[in-house]
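**Q** Okay, structure incoming, though there's no sequence with it:
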């Protein structure tokens, strides 16, 4: 049957977005049409404004300023010699929400193939190494070395493999390499914890 | 942590859409920001164009023309005296895709409460009745009567209850009231069919 061109066009674009399939894209289009009341104008404006957001040249998080640095990389009160390597911007936000990290980040992007980094991820690591080399000599860290790099990727099989190769690459540039602690999630039950998790929780008891 | 206003605004609007929660809305925002390459412009344009789609004044399907009639209601080759009452526009599209229906439709909107129609759904039924009254006297149907009304709502408990009350309302305005046939889905297995479905499939064998 003949579907209006504007609905087809909408469905084409939105079915490409993560978590939205062709069926839901059409459903969304109809929803927006029937909802009315200026919602299409408002949604269009919201999307357009996203286009004005920049990417931080240091950590690749979002930045809204002209100097292309994000709020975290620009913050003089944060210890720039402690760097957390994360996969996604949402991981960064989760870590920030703990209020317990005062370093900077590097957003690598989704790790896909086991232990093999995409070419843009290699470039990002190289940018981090180059940046670390420019670090001033301090009392707590030698010239051109970070104090600590936390490889904050998921403790999954893909994450673990990649973490090893990332650690290998960054080892010459930091005094210490760590990963996030594995243990029973707060509110979780011992009964449902696997042996790996429980073993690690035992080792890290305190 | 401080999230840019434009991402917050996007997430506010898109988390209200069906099937998109607050978490996915933020994920979509980041996806669009990182994707770049004019995708925000393109998506904004696609949504804005949706705002230009009208609603058919007869069946409440989408219409792109100024006379506020959809392609189906305007089509002189279709039997306007056979009317399928559906819940959603996507149901209409599914029926159209069978190529086996040549009447017109009435889109009622989602049936929510058991057996009780929303006030706008009552208005839609009233509009249908008023429209049927204006039908010219024909050989196959008496004055002001439809030939057949198919209550094409889902054969669920909510759908069944509503179908009964809709049928009650429309009975004086049509020669025949029907519902879609219940049976084993094409490609389905008898083993997994419930008793209701299988019983109906037996009755409708042929």
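**A** Now that the structure is in, tell me what you want to look at. Predicted model, so just to flag it, every value in this text is computed and none were measured. Residues are numbered from 1 along each chain as shown, chains lettered A, B, ... in the order given.
**Q** care to break chain A down by domain?
**A** As assigned by automatic domain parsing, chain A contains the domains A:5-50, A:55-179.
**Q** now the first one: how far from the chain's centre is it?
**A** So that's domain A:5-50. Counting by CA atoms, centre = their mean, to the nearest Å, domain A:5-50 is centred 26 Å from the centre of its parent chain.
**Q** Mind checking if that domain is in reach of chain B?
**A** Yes - counting by CB under 8 Å from any CB of the partner chain, chain B is contacted by domain A:5-50 at A:6-7, A:9-10, A:13-14, A:17-20, A:24, A:26-34, A:38-50. Yep, even glycine has a C-beta here, placed from its N, CA and C like the rest.
**Q** what's the span of that domain, first residue to last?
**A** Terminal residues of domain A:5-50 lie 25 Å apart, using CA to CA, to the nearest Å.
**Q** Now it: average pLDDT?
**A** Here domain A:5-50 scores 91 as its mean pLDDT.
**Q** cool, stretch A:133-141 as well?
**A** Taken as a whole, stretch A:133-141 has an average pLDDT of 68.
**Q** now stretch A:116-129
**A** Averaging pLDDT along stretch A:116-129 gives 92.
**Q** which residues sit against that stretch?
**A** The contact list for stretch A:116-129, computed with CB atoms under 8 Å, 6 or more residues apart in numbering or on different chains, reads A:58, A:60, A:83, A:85, A:106-109, A:111-112, A:162, A:165-166, A:169-170, A:173.
**Q** Whichever of the residues you listed end up buried, select them in ChimeraX.
**A** In ChimeraX syntax, the buried subset of the contacts of stretch A:116-129 is picked out as below (16 or more other CB atoms under 10 Å in any protein chain shown):
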select /A:58,60,83,85,106,107,108,109,111,162,166,170,173
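**Q** Okay, and which of the contacts of stretch A:116-129 map to helices?
**A** A:162, A:165-166, A:169-170 (DSSP state H).
**Q** quick one, phi/psi of residue A:148?
**A** Main-chain dihedrals, residue A:148, degrees, to the nearest 10: phi -150, psi 140.
**Q** Who is it paired with across the strands?
**A** Beta-bridge partners for residue A:148, by DSSP bridges, are residue A:82.
**Q** Spatially central residue in chain A, please.
**A** residue A:88 (1.8 Å; CA atoms, centre = their mean).
**Q** Return the residues in contact with residue A:196.
**A** If a contact means CB under 8 Å, 6+ apart, then residue A:196 has residue A:182 as its contacts.
**Q** quick one: it from chain B, how far?
**A** Separation of residue A:196 from chain B (CB to the nearest CB, to the nearest Å): 27 Å.
**Q** so that residue, which of the three states?
**A** Here residue A:196 is recorded as helix under DSSP: H, G, I helix; E, B strand; the rest coil.
**Q** related to what we said a few turns ago, of the contacts of stretch A:116-129, which is the nearest to residue B:79?
**A** The shortest gap between residue B:79 and any of these belongs to residue A:112, at 54.4 Å (CB to CB).
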